[in-house]
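> just need the structure, nothing else, for what follows:
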Amino acid sequence: DTPPARVGSSLGDVSAGLFAVTGIMLALYNRERTGVGQYVDIAMLDSVFSFLETNVVRYTIGGVHPTRVGARHPLSAPFDIYRCKDAYVVIAVASDHHFAKLCEMIGQPDLIKDPKFDSDPHRSENDVELKAILEKFLADYTVAQAMEMMQARSIPCGPLCTVEEACANPSIQAREMLVEIDQPGAGKLKITGNPIKLSETPADPKHPAPLLGQDTHEVLREVFGFTDEQIAKWEEEKVF
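Now for the predicted structure:
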């Protein structure tokens with residue numbers, strides 16, 4: 001009903017970086033075992049394509065041409081955003097076990113026996129009707145109240161956060177995923193931390209980004225072997 005929308009993050013850049021690191025690690029491990037190096041080839045297109053995961057096999061195996069379904073999961077339900085009294089809550093149910101708990105919570109335990117909702121595929125087929133049932137119940141509760149009820153029953157859920165709210169998340173703060181750096185020319189800035197937590201070699205993401213051209217002299221001298229006189233001449237001629 002509207003033109004295609006861009007995803008919220010740069011998946012091509014991020015996914016290619018992740019796969020590149022994984023490929024390098026594998027190549028290094030193989031080199032340690034065999035003594036032989038190899039060329040690591042990572043493409044952004046390949047990386048994004050691999051993120052399509054279930055949608056690819058839905059087409060190649062099932063002949064299904066996936067279409068836009070909004071915020072919901074294309075195969076499971078209730079797995080979507082749901083309106084509460086004050087805002088939206090995310091519910092991520094993909095099993096009969098969790099759905100039964102959800103039915104008990106909303107006071108409709110027999111819903112799990114309804115032929116329209118008795119299995120994940122059936123719930124997915126009747127997602128619109130199921131969403132209406134859940135939102136009728138949730139309309140009387142705030143997101144915080146709804147999450148408290150669901151978390152007490154171990155039902156997967158979470159708030160729909162703005163970036164501001166995500167930055168204030170206690171877990172983000174506790175796990176140092178928002179760190180402060182002192183960037184020359186810009187002052188103190190907050191950036192994302194490193195999600196890889198290692199016990200013996202912890203990350204140190206608090207150093208500033210290098211300035212433009214900061215390492216030019218070092219690279220020309222130590223990597224390429226040019227003399228200080230040659231580098232000074234190029235600098236005087238504004239080659240760089």
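> how far does the lengthiest helix in the chain sit from its chain's centre?
In terms of residue count, the longest helix belonging to the chain (DSSP state H) is helix 11-34. Remark: helix 11-34 is offset 19 Å from the chain centroid, using C-alpha atoms, centre = their mean, to the nearest Å.
> same thing with stretch 159-177?
Put simply, stretch 159-177 sits 14 Å off its chain's centre (C-alpha atoms, centre = their mean).
> measure that stretch end to end?
18 Å (C-alpha to C-alpha, to the nearest Å).
> contacts for that stretch, please.
Residues outside stretch 159-177 that contact it (C-beta atoms under 8 Å, 6 or more residues apart in numbering): 81, 87-90, 143, 147, 178, 190, 192-193, 195, 197. Glycine gets a C-beta too; all of them are placed from N, C-alpha and C.
> one more time with 10 Å, if that's ok
8, 71, 81-84, 87-90, 143-144, 146-147, 178, 190-195, 197, 202-203, 205-206 (C-beta atoms under 10 Å, 6 or more residues apart in numbering).
> weed out the non-buried ones from the residues you listed.
Buried subset of those (neighbour count, 16 or more other C-beta atoms under 10 Å): Y82, C84, A87, Y88, V89, V90, V143, A146, M147, G193.
> could you dump these to TSV with pLDDT and distance to A232?
TSV is the format used below for the buried ones among the contacts of stretch 159-177 (pLDDT from 0 to 100; distance: C-beta to C-beta, whole Å):
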residue	pLDDT	distance to A232
Y82	97	66
C84	97	66
A87	94	61
Y88	96	61
V89	97	63
V90	97	59
V143	96	63
A146	98	67
M147	96	63
G193	91	40
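> of those, which belong to strands?
Per DSSP state E, strands hold the following members of these: Y82, Y88, V89, V90.
> spit out the contact partners of L18.
For L18, the contacting residues are I42, S47, by C-beta under 10 Å, 6+ apart.
> tell me how far it lies from A87.
L18 is 31 Å from A87, where distance means C-beta to C-beta, to the nearest Å.
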